[in-house]
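A.B. asks: Next comes the sequence, and after it the predicted model I'd like to discuss.
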Amino acid sequence: MPFDIAQLLRTNKTMAIWAAFFGLVWLTSYYGLFGLVFITYILCFLFNSPIERLAAKTRWPRVLWAVVVYVVFLAVVLTIISSVVPRIGAESSAFLKKLPDTLETLRKHLDNWAWLAPDMAAPIAKVKDYLTLEALVGVKTETLFSLAVNSLNQISIYVSTFLLGTLFSFLIMLDFPNLRAKTIALRDSRLRDIYDVTARSVVRFAVVVGMGFRAQMLIAALNTLLTALGLYILGIQPVGLLSTVVFFCGLIPVLGTFISSAPIVLVAVNTAGPNHALWAIVMIIIVHTIETYILNPRIVAAMFKISPLITLMILYVGHKLFGLWGMVLGVPVTVFILRHVILGVDMDSPKSEAASPYLPQNGGKGGGNG
């Protein structure tokens with residue numbers, strides 16, 4: 001009997017459809033488009049509900065509210081870029097210039113501790129071996145500033161990607177009802193098999209990722225405010241640079257705490273010595289205790305409900321397999337796979353249905369409110 005690939009695809013239709021879907025995801029990642037797609041989706045997820053509510057409560061058309069929301073958003077972004085970014089650049093330059101001195105000061109304090117406690121000399125010597133620029137960032141002192149220039153170039157790429165994603169999400173929001181109707185209409189087209197197999201699962205997955213990322217952004221913003229207040233009280237400079245690091249690291253659950261704490265402690269050591277660094281550590285512990293016992297239970301506990309140990313394992317595996325995106329998306333992806341794919345828990349709820357505009361509701365006769 002001759003091999004019939006068409007018959008094979010018909011027999012394994014679901015597997016073939018999902019293979020094609022994940023192949024498309026891999027292609028976007030391989031060609032560097034995943035970040036653009038992710039930013040576009042997140043902005044659509046964040047802005048669609050406010051636009052829908054504003055249009056429903058007023059007589060103004062939805063298109064007009066979409067323009068207003070994005071104009072306000074761009075005004076805020078451009079204000080931040082014009083006022084904060086130059087300050088962060090100056091603080092970054094000052095920080096890089098002081099970094100070798102900071103490490104040298106810390107090594108001197110470790111020498112003093114080793115002299116006062118001879119039994120700790122061996123482990124302190126090992127710690128000192130890691131307190132060099134080459135050990136910490138993988139470069140020597142003379143190449144540190146070239147690394148900084150390359151980092152600034154990379155940041156410009158990130159900014160351009162963000163602005164392009166903003167443009168794409170704006171165009172989608174302008175024509176969103178029409179796009180939603182055409183997407184739902186696929187169930188009556190030749191692509192109905194793909195729609196039936198993937199639509200509900202893909203939208204459920206998108207809702208989990210969107211809600212999880214929105215919650216993590218809120219937690220990161222609150223952590224940044226609390227940390228900036230603590231830095232100001234302790235007199236640790238530069239506040240702008242360190243707070244920015246805290247915000248972006250805060251988008252990475254659990255592990256971001258350790259990443260953002262290292263530069264704060266190093267600057268505190270260089271500013272006023274090890275005693276000041278201990279106060280900085282106390283401040284960090286207080287802030288992240290508030291996060292653990294107050295913010296997380298009220299914001300993301302209902303979404304994630306994963307222990308910190310498992311979260312760290314997920315982040316490690318995600319980083320090894322997918323880099324930064326694996327760290328950012330590892331937890332919500334795992335939650336979705338565990339609850340929806342493995343346990344078969346129905347994740348539909350009034351909120352998720354409202355945030356799932358592409359799914360037919362009310363017996364398949366209409367779309368949600370998005």
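C.D. replies: Structure received.

A.B. asks: For this protein, which helix extends over the most residues?
C.D. replies: Criterion DSSP state H: the longest helix present in the chain is helix 62-116.

A.B. asks: If you count contacts, what does that helix end up packed against?
C.D. replies: Where contact means 3 or more C-beta pairs under 8 Å, 6 or more residues apart in numbering; DSSP states H and E, helix 62-116 is packed against helix 34-57, helix 121-130, helix 133-137, helix 144-174, helix 176-184, helix 239-250, helix 255-272. (Each C-beta comes from the backbone N, C-alpha and C, glycine too.)

A.B. asks: got the angle for it vs helix 34-57?
C.D. replies: 130 degrees (axes from the mean of the first three to the mean of the last three C-alpha atoms, to 10 degrees).

A.B. asks: give me phi/psi at the residue nearest the centre of the chain?
C.D. replies: Of all residues in the chain, the one closest to the mean position by C-alpha atoms, centre = their mean is Leu251, 4.1 Å from it. When read as degrees, to the nearest 10, the backbone of Leu251 gives phi -70, psi -10.

A.B. asks: For Leu222, see how far away it is.
C.D. replies: Distance of Leu251 to Leu222, given as C-beta to C-beta, to the nearest Å: 13 Å.

A.B. asks: same thing with Asp188?
C.D. replies: Counting by C-beta to C-beta - Asp188 and Leu222 are separated by 46 Å.

A.B. asks: which stretch among the helices and strands packed on helix 62-116 comes nearest Leu315?
C.D. replies: Nearest to Leu315 among the helices and strands packed on helix 62-116 is helix 255-272 (4.9 Å), distances taken as C-beta to C-beta.

A.B. asks: And the strands in the stretch 201-350 of the chain?
C.D. replies: Applying DSSP state E, counting those that start in this stretch to the stretch 201-350 of the chain gives no strands.

A.B. asks: Point out where it drops to low pLDDT.
C.D. replies: 253-255, 273, 296-298, 300-308, 344-350 (pLDDT under 70).

A.B. asks: can you give me the helices in it?
C.D. replies: 239-250, 255-272, 274-290, 296-299, 308-322, 324-336, 350-354 (DSSP state H, counting those that start in this stretch).

A.B. asks: give me the number of residues near the closest residue to Thr257 other than its chain neighbours?
C.D. replies: For Thr257, ignoring the flanking residues on the chain, the nearest one in space by C-beta to C-beta, 6 or more residues apart in numbering is His288 at 5.4 Å. His288 has 22 neighbours, counted by other C-beta atoms under 10 Å.

A.B. asks: Quickly note the distance from His288 to Val77.
C.D. replies: Distance from His288 to Val77, by C-beta to C-beta: 28 Å.

A.B. asks: which one is Trp65 nearest to, not counting chain neighbours?
C.D. replies: Leu54 (4.5 Å).

A.B. asks: ok, back up a step: for Ser82, which of the helices and strands packed on helix 62-116 is the nearest?
C.D. replies: Between the helices and strands packed on helix 62-116, helix 144-174 lies closest to Ser82; by C-beta to C-beta that is 12.5 Å.

A.B. asks: Quick one: mean pLDDT for that closest one?
C.D. replies: Averaged across helix 144-174, pLDDT comes to 79.

A.B. asks: Go ahead and confirm the residue nearest to Trp65 touches Val63.
C.D. replies: No. Judged on C-beta atoms under 8 Å, Leu54 makes no contact with Val63 at a distance of 11.7 Å.

A.B. asks: which residues sit in contact with the closest residue to Ala228 other than its chain neighbours?
C.D. replies: Nearest non-adjacent residue to Ala228, counting by C-beta to C-beta, 6+ apart: Ser243, 4.3 Å away. Counting by C-beta atoms under 8 Å, 6 or more residues apart in numbering, Ser243 touches 224, 227-228, 231.

A.B. asks: so Ile299 touches Ala215, yeah?
C.D. replies: Yes. Using C-beta under 8 Å, Ile299 is in contact with Ala215, at 4.8 Å.

A.B. asks: now Arg190, what's its secondary structure?
C.D. replies: Per DSSP: H, G, I helix; E, B strand; the rest coil, the local secondary structure of Arg190 is coil.

A.B. asks: Spatially nearest residue to Ile233 (excluding sequence neighbours)?
C.D. replies: Met283 (7.9 Å).

A.B. asks: Give me the distance between that neighbour and Asn275.
C.D. replies: 13 Å.

A.B. asks: Looking at the two, which is more packed in?
C.D. replies: Taking other C-beta under 10 Å, Met283 and Asn275 do not tie; Met283 has more neighbours (21 against 11).

A.B. asks: Pull the contacting residues for the more buried one.
C.D. replies: Contacts of Met283 (C-beta under 8 Å, 6+ apart): 227, 230-231, 233-234.

A.B. asks: Same check on Ile264?
C.D. replies: Neighbouring residues of Ile264 by C-beta under 8 Å, 6+ apart: 227, 231, 236, 242, 246, 280, 284.

A.B. asks: Could you give the average pLDDT over stretch 26-41?
C.D. replies: 84.

A.B. asks: List the buried residues for that stretch?
C.D. replies: 29, 34-36, 38-41 (16 or more other C-beta atoms under 10 Å).

A.B. asks: Now do that stretch: distance to the chain's middle.
C.D. replies: 14 Å (C-alpha atoms, centre = their mean, to the nearest Å).

A.B. asks: neighbouring contacts of it?
C.D. replies: 25, 158, 161-162, 164-166, 168-169, 172, 206, 209-210, 322, 325, 329.

A.B. asks: Out of those residues, who's the most crowded?
C.D. replies: Busiest of the contacts of stretch 26-41 [other C-beta under 10 Å] is Ser169, holding 24 neighbours.

A.B. asks: ok, now how distant is that residue from Gln216?
C.D. replies: The value you get for Ser169 to Gln216, if C-beta to C-beta is used, is 19 Å.
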